[in-house]
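>>> predicted model, plus sequence, below.
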Amino acid sequence: MTRVAHADTPPQSGWDIHCHTVYSDGTETPETLVAEAVRRGLHGVAIADHDTTAGWQEAEQAATRMSMPLLRGTEITAVDDGVSVHMLGLQYDPENEGIRELFAMTRRARLRRTRRMVEMIAKDYPITWDDVLAQTKQGERTTIGRPHIADALVAAGVYPTRSDAFAGAVSASSRYYIPTPSPSAADVVSAVSAAGGVSIVAHAGDPGRNRVLLSDTQIERLAKAGLGGLEVWHRGNPLEQRERLLTLAHRLDLLVTGGSDWHGAGKPNALGENLTADATVEEIIRRGCLPAIR
């Protein structure tokens, strides 16, 4: 396996490889994502919607038309010893049977969980399941989750913004919250590897997402299972966590990546606010089974 030098400071230029569109909980189309990447002068961009590849074709077409290099990926919700883990799977074969079944399973589980949350919230707030479905931009092709509940609450006038809803009724600490039934992080690493892709733990040091973070031992175990990298450069990772993750990446020879976690208007995160170095992206492309869109 090729070693890649790790920079100890965030790249000032490069790729944003953690972005969401209307095919999950983003507010913009893949075409808008690509156009915004061009406008901001990024070297490349990746689409990484939750548990789906539905937006890949539209992103590929836009990237080819606008001459914007593109990686294709997915953000996959997982769990490791009770800790919620979000995994970026990049450059894998979308026709692989194992990965297709993994996504089908997680999407079914997400749908059941979201419907149950809406049933509970609807007892106290003026929203229905149809109101939540009205917030999806791509119908059944959309991976439905808490952001769509939040948007329904905003549309009903309960909260002024999605962020306010996430601080209230749809918060992970609210009485309406139900954890997403998820595969183990090790199973996700295995599935992505079997599909010819590269797996990266997203925002692994973000205390705003988990009161308990992945430990060094847990990350070491995932590295032994085939984990490819750690997303160090992310707004949710405070300085001390970035330093910890960098140290682990050096020791375990994991790739160091960065991404904005862009959701369009769904979050304040600005496209390109955190980046992945060109050399790291080239290594992801080398390890993956898909060619990049150049």
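Received it, and whenever you're ready, just let me know what you need. Since the structure is predicted, the reported quantities are computational estimates derived from the model, not experimental observations.
>>> so which helix or strand takes in residue 221?
helix 216-225 (DSSP states H and E).
>>> list of residues touching the following helix or strand past that helix?
Scanning forward in sequence from helix 216-225 by DSSP H and E, the next helix or strand is strand 229-233. Residues from elsewhere that reach strand 229-233 (C-beta atoms under 8 Å, 6 or more residues apart in numbering): 10-11, 18, 88, 198-205, 219, 237, 242, 245-246, 248-249, 254-259, 274-276, 280, 284. The way it works is simple: take the backbone N, C-alpha and C, and place the C-beta from them, glycine included.
>>> what about the top strand by length along the chain, distance to the chain center?
In the chain, taking DSSP state E as the definition, the longest strand is strand 70-80. Centroid displacement of strand 70-80 relative to its chain, using C-alpha atoms, centre = their mean, to the nearest Å, is 5 Å.
>>> now do stretch 200-220, average pLDDT.
What stretch 200-220 shows for mean pLDDT is 94.
>>> give me the secondary structure label for residue 235.
Three-state call for residue 235 (DSSP: H, G, I helix; E, B strand; the rest coil): coil.
>>> before we move on, the earlier item: quick one, the helix holding residue 221 and strand 229-233 angle?
130 degrees (axes from the mean of the first three to the mean of the last three C-alpha atoms, to 10 degrees).
>>> surely residue 148 is within a helix?
Yes - assigned with three-state DSSP, residue 148 falls within a helix.
>>> quick one, what contacts the closest residue to it other than its chain neighbours?
Distances taken as C-beta to C-beta, 6 or more residues apart in numbering put residue 135 closest to residue 148, at 4.4 Å, once the chain neighbours are dropped. Residues counted as contacts of residue 135 (C-beta under 8 Å, 6+ apart) are 148, 151-152, 155.
>>> tell me which element residue 135 is part of?
Assigned by DSSP H and E, residue 135 falls within no helix or strand.
>>> and the gap between it and residue 261?
Distance, residue 135 to residue 261, by C-beta to C-beta, to the nearest Å: 19 Å.
>>> ok, residue 239 next?
Distance from residue 239 to residue 261, by C-beta to C-beta: 18 Å.
>>> show me the contacts for residue 292.
44, 69-71, 91, 281, 285.
>>> let me redo that: residue 264
Contact partners of residue 264, counting by C-beta under 8 Å, 6+ apart, are 20-21, 26-28, 32-33.
>>> which one is residue 22 nearest to, not counting chain neighbours?
Nearest residue to residue 22, sequence neighbours excluded (C-beta to C-beta, 6+ apart): residue 137, at 3.5 Å.
>>> now the one you found, what's its secondary structure?
coil.
>>> which ones are touching it?
The contact partners of residue 137, by C-beta under 8 Å, 6+ apart, come to 22-23, 27, 29.
>>> closest one to residue 226 out of these, please.
residue 23 (26.6 Å; C-beta to C-beta).
>>> report how many residues lie close to that closest one.
Around residue 23 there are 26 other residues, counting by other C-beta atoms under 10 Å.
>>> my guess is it contacts residue 54, does it?
Yes - under the criterion of C-beta atoms under 8 Å, residue 23 makes contact with residue 54 at 4.5 Å.
>>> hey, what's in contact with both of these two?
138, 141-142.
>>> ChimeraX command to pick out the buried ones of these?
A single ChimeraX command selects the buried members of the shared contacts of residue 23 and residue 54 (16 or more other C-beta atoms under 10 Å):
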select :138,142
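>>> for the shared contacts of residue 23 and residue 54, give me CSV that also has pLDDT.
Shown next, in CSV, are the shared contacts of residue 23 and residue 54 (pLDDT from 0 to 100):
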residue, pLDDT
138, 83
141, 81
142, 85
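>>> quick revisit: now, of the contacts of residue 135, which are buried?
Buried members of the contacts of residue 135, counted by 16+ other C-beta under 10 Å: 148, 151-152.
>>> closest one of the residues you listed to residue 106?
Nearest to residue 106 among those: residue 148, at 15.9 Å, using C-beta to C-beta.
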